[in-house]
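*Asks:* here are the coordinates; sequence isn't available:
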């Protein structure tokens, strides 16, 4: 295909992805009420516990309520339309990939997507604890007035961070296949990985909730060792293939 033909195809696929996103946003906009109710549950819980203080979600401008719903609709619509725009991306780049690259890409995406959504789900479990923990630092007589857009940004970003943290092992395997890191190199860093997982779990959960901290840290550590184990298997298979090809004549 010529450059012009590639650009025409890219435009067509971008239009299809944009239409899917808009349709996803329309559907998501209709369910923003239960989503807002869900993410503000910690606010209502804090308000019940502190009857003498004002704890509420606030809107600082006339259009803030509508803006909040649009931002939620965009985020949820992006997830709802993910099968369409992911396929459009894949269909555009697939003709330029080798069979080996296609196989690896399918494996990475197939592992990364469920791990990301699993991380987002864990994030929904962690967010309420973080909000309640932070509210505990409010001085006596103070009020917790959460500006709507800022509150939503915090919830959304924290969920994304936890989701991405679950996908990091997939990137470790990708680095291994690219020859950047060996399985042994990944295993050597297990102490740092455990420490980072423990610190992340401690920061993302209340100090008194040891079970949640251990659960989150434990999941991250297991994913790390799973990535190391898979990388070691790939290294062994590569060594056997190189030995059979005569590239490692001195190998035992």
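*Replies:* Yes, it's here. Values in this document were obtained by computation on a predicted structure and should not be read as measured data.
*Asks:* okay, and the residue nearest the centre of the chain sits in which element?
*Replies:* When Cα atoms, centre = their mean is applied to the chain, the residue found nearest the centroid is residue 163 (2.4 Å). Using DSSP states H and E, residue 163 maps to helix 148-177.
*Asks:* how about the helix or strand following that helix: buried residues?
*Replies:* From helix 148-177 onward toward the C-terminus, using DSSP H and E, the following helix or strand is helix 183-188. Using 16 or more other Cβ atoms under 10 Å as the test for burial, helix 183-188 gives 183, 186, 187. Quick note: C-beta positions are derived from backbone N, CA and C, even for glycine.
*Asks:* now the last one: how far from residue 117?
*Replies:* Same thing as residue 187. Distance of residue 187 to residue 117, given as Cβ to Cβ, to the nearest Å: 28 Å.
*Asks:* who are the packing partners of the top helix by length along the chain?
*Replies:* For the chain, the longest helix by residue count, based on DSSP state H, is helix 99-135. Packing partners of helix 99-135 (3 or more Cβ pairs under 8 Å, 6 or more residues apart in numbering; DSSP states H and E): helix 41-49, helix 82-93, helix 148-177, helix 190-204, helix 210-244.
*Asks:* any idea of the angle it forms with helix 41-49?
*Replies:* Here helix 99-135 points in a direction 10 degrees away from that of helix 41-49 (axes from the mean of the first three to the mean of the last three Cα atoms, to 10 degrees).
*Asks:* of all the residues in helix 99-135, which ones are buried?
*Replies:* Result for helix 99-135 [16+ other Cβ under 10 Å]: buried residues 104, 108, 111-112, 115-116, 118-120, 122-123, 126-133, 135.
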